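Colleague: What follows is a predicted protein model with its sequence.
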Amino acid sequence: MILLVIGSIGLVFYVRMRGARRREILLRETVRSRTADLLEANEELKVKSEQIVSQNQELELHRQNLEQLVQQRTHDLELAKERAEQSDSLKSAFLANMSHEIRTPLNAILGFSSLLVADAVSKEEMPGVAGIIQNNGEALLQLINDILDVSLIEANQIELNRTAFSIFELLTQLQSELTVLLHAHDRSNVAVLIDFDSQVGHGFSMVADSRRVRQVFLNLMGNAVKFTSSGRITLGFRVNQQAQNVLFFVKDTGVGIDPENVDVIFDRFRKIEFNQSEVHRGTGLGLSISKNLVELMGGKIWVESERDVGSVFYFELPLEQSPDEALIESSREQKDLTDGCWHDQVVLVAEDEESNFLVIQALLKSTQITIEWVANGQLAVERVVANPLRYGLVLMDVKLPVMNGNDATRLIKKECHIPVVAQTAFATAGEINEFMKYGYDDYVLKPLDFKSLTGVMKKFLT
């Protein structure tokens, strides 16, 4: 009995110990599993913590970049605002200056014209008065041309007419014009020099738009005349065969340019007055137009200057040459048309403004051409169709009453083969291309002068 009890107790103890060991093993497994889970969770937390730190660093970097970007954009906006305000200010000053530049020559033209009408000018004074009217008229025309060029440049409508021309011939002509310009500005004590490249012959030519090259030179010459009261102005060029370019320059001994103005002097509407006691006429567009034209021709322009010493304006163009025979026509002396060589020719002028007809009549008086006048396109068609063999040429105003010049030209060309030349104030390439579609043989731009008018007429009259 005792043994049974002891055995039962031992069995119970064994069972309990076995259960305890199982529970201990289970507990250890649980602890081990939980520990592994905790370690895994800890690793995940560590990874996530590192990711958060990395993201925070990226966010901080983005924040810094964003701040820099905001600062840069703010700075750019401030600069743009300043430039816009400066541009508005320059445009306002330009418009105010334009009013002055238009009214000044008009004052002289209208003032002296009224004196002529009132017969208040003596015969001795007449040439001087006529010269003043002509000079101011040319100044007004130059002003209009500058404004037109700016509008064409902004609209990207400038077209180049590239032909071969003699650089020596161009500079020689410019030398004569510069001498006249200096005399007109009471700068006769300023010498005019030509600095030719001694490495090339006098027959040296290049291919470019000679009219635009000439225009750039005239702008630079006008600038030099304004600010050079004594000394000399030099026109010159150098040819770099290796680099295949031609370097043109206008050098003066004038007042020079301050360093802070060198970078802005080619800006549009920029007009720099060096001496408040002197007022120089001009729009402030010449240098800007010159820069645009030079760049359009594939070149560049810049200035080197020293205050109270002088300035040198350079512009460089690509060198393209052509056979010498391409220059034959441009270098020949034109036949003098004042000897009555067209005395047997009849020209019909279609022009609604009588004053414009009278100008043409006066310009062609020395040629002894017979000139007939009609005031609208319908009359021009009737006159030509009725007697087509009578007329050697028709000068047709584009804008006419009753029937415009375009329709009149189309009808004339339909009936006969008489040359028709448009005379027009429409000066843009687009406008010219448009009206030339109607069959005109050529055109001449208003205001007319003897050279331009006879130059186009000689193509058709024999």
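Modeller: Thanks, I have it.
Colleague: Can you name the element that comes right after the helix ranked longest in the chain?
Modeller: For the chain, the longest helix by residue count, based on DSSP state H, is helix 2-117. Going down the chain from helix 2-117, the next helix or strand is helix 126-154, by DSSP states H and E.
Colleague: Point out the other helices and strands that that next one packs with.
Modeller: helix 2-117, helix 286-296 (3 or more Cβ pairs under 8 Å, 6 or more residues apart in numbering; DSSP states H and E). (Each C-beta comes from the backbone N, C-alpha and C, glycine too.)
Colleague: With residue 304 as the reference, name the closest of the ones you listed.
Modeller: Taking Cβ to Cβ, helix 286-296 is the member of these nearest to residue 304, at 14.4 Å.
Colleague: And that closest one, how far out from the chain middle?
Modeller: 5 Å (Cα atoms, centre = their mean, to the nearest Å).
Colleague: What are the neighbouring residues in contact with residue 408?
Modeller: 350, 377, 378, 380, 381, 396, 400 (Cβ atoms under 8 Å, 6 or more residues apart in numbering).
Colleague: May I see these arranged in JSON lines, with distance to residue 252 and secondary structure as well?
Modeller: Below are the contacts of residue 408 laid out as JSON lines (distance: Cβ to Cβ, whole Å; DSSP: H, G, I helix; E, B strand; the rest coil):
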{"residue": "350", "distance to residue 252": "47", "secondary structure": "strand"}
{"residue": "377", "distance to residue 252": "51", "secondary structure": "helix"}
{"residue": "378", "distance to residue 252": "56", "secondary structure": "helix"}
{"residue": "380", "distance to residue 252": "51", "secondary structure": "helix"}
{"residue": "381", "distance to residue 252": "55", "secondary structure": "helix"}
{"residue": "396", "distance to residue 252": "45", "secondary structure": "strand"}
{"residue": "400", "distance to residue 252": "47", "secondary structure": "coil"}
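Colleague: ok, of these, which one's closest to residue 371?
Modeller: Lowest distance from residue 371 to the contacts of residue 408 (Cβ to Cβ) belongs to residue 350, with 11.6 Å.
Colleague: From residue 347, how far off is the closest residue in space to the closest one that isn't next to it in sequence?
Modeller: Of all residues not flanking residue 350 in the chain, residue 380 sits nearest, at 4.0 Å (Cβ to Cβ, 6 or more residues apart in numbering). Here the criterion is Cβ to Cβ, to the nearest Å. By it, residue 380 lies 12 Å from residue 347.
Colleague: In terms of neighbours, single out the busier of these two.
Modeller: In terms of neighbours (other Cβ atoms under 10 Å), residue 380 is the more surrounded of residue 380 and residue 347; the figures are 31 against 23.
Colleague: Got the confidence number for that one?
Modeller: The score at residue 380 is 96. That number is its pLDDT.
Colleague: and if you look at residue 325?
Modeller: The model reports residue 325 with a pLDDT of 42.
Colleague: taking the helices and strands packed on helix 126-154 together, which one is wrapped up most tightly?
Modeller: Among those, ranked by average contacts under mean count of other Cβ atoms under 10 Å, first place goes to helix 286-296 (a mean of 21).
Colleague: List the contacts of that helix.
Modeller: 146, 149-150, 153, 158, 160, 212, 215-216, 219-220, 222-223, 265-270, 300-301, 315-317.
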